[in-house]
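**Student:** Sequence and predicted structure below; questions after.
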Amino acid sequence: MTGSRAVVVKDVDAQAFINAYAAYLKKAGKIEIPKYVDLIKLAHFKELAPMDNDWYYYRCAAIARRMYVRPGCGVGGLTKIFGGNDRRGVRPGRFCKSSAGVVRNCLQQLEKMGIVEHCPNGGRKLSKEGQRDLDRIAQQVLYPQLFE
């Protein structure tokens with residue numbers, strides 16, 4: 001049982017939550033996937049596009065979780081979060097940001113769904129409805145026996 005304590009996103013394993021929320025986003029069908037989804041790379045240091053056909057839902061779920069953990073973050077901050085090591089052959093690798101277009105498009109889709117809203121002093125944050133949805137999914141992940 002859940003007890004008297006409420007379950008929030010920070011109580012749940014990140015990977016399990018992102019998988020569950022991506023499945024919810026796909027099932028809801030409110031996200032409009034861009035036409036170039038099978039061609040685009042997630043960063044300029046990547047060689048190929050993602051192999052998983054549902055990668056866009058997973059990226060939207062990961063962005064929504066990051067908005068929960070770190071409100072007020074904008075497109076630039078999220079590109080740093082999703083960036084990685086650019087391996088440059090014999091030369092030492094260095095950090096590079098991820099694609100800003102993908103992050104921006106995901107944020108726009110989440111805004112259209114009412115999960116994310118603009119902050120008055122820059123960046124974006126979760127709306128009350130979005131926070132409620134994410135907490136509900138977190139409770140379903142932590143206590144699956146209650147929702148069977």
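**Tutor:** Yes, it's here.
**Student:** Spit out the contact partners of residue 70.
**Tutor:** By CB atoms under 8 Å, 6 or more residues apart in numbering, the contact list for residue 70 reads residue 77. From N, CA and C alone the C-beta is placed, and that goes for glycine too.
**Student:** run the last query once more with 7 Å
**Tutor:** By CB atoms under 7 Å, 6 or more residues apart in numbering, no residues touch residue 70.
**Student:** What does it show for phi and psi?
**Tutor:** phi -130, psi 80 (degrees, to the nearest 10).
**Student:** ok, it to residue 49 distance?
**Tutor:** According to CB to CB, to the nearest Å, residue 70 stands 27 Å off from residue 49.
**Student:** where does the residue of the chain most remote from its centre land on pLDDT?
**Tutor:** Here the chain reaches farthest from its C-alpha mean at residue 90, the gap being 33.2 Å by CA atoms, centre = their mean. Residue 90 is assigned 95 on the pLDDT scale.
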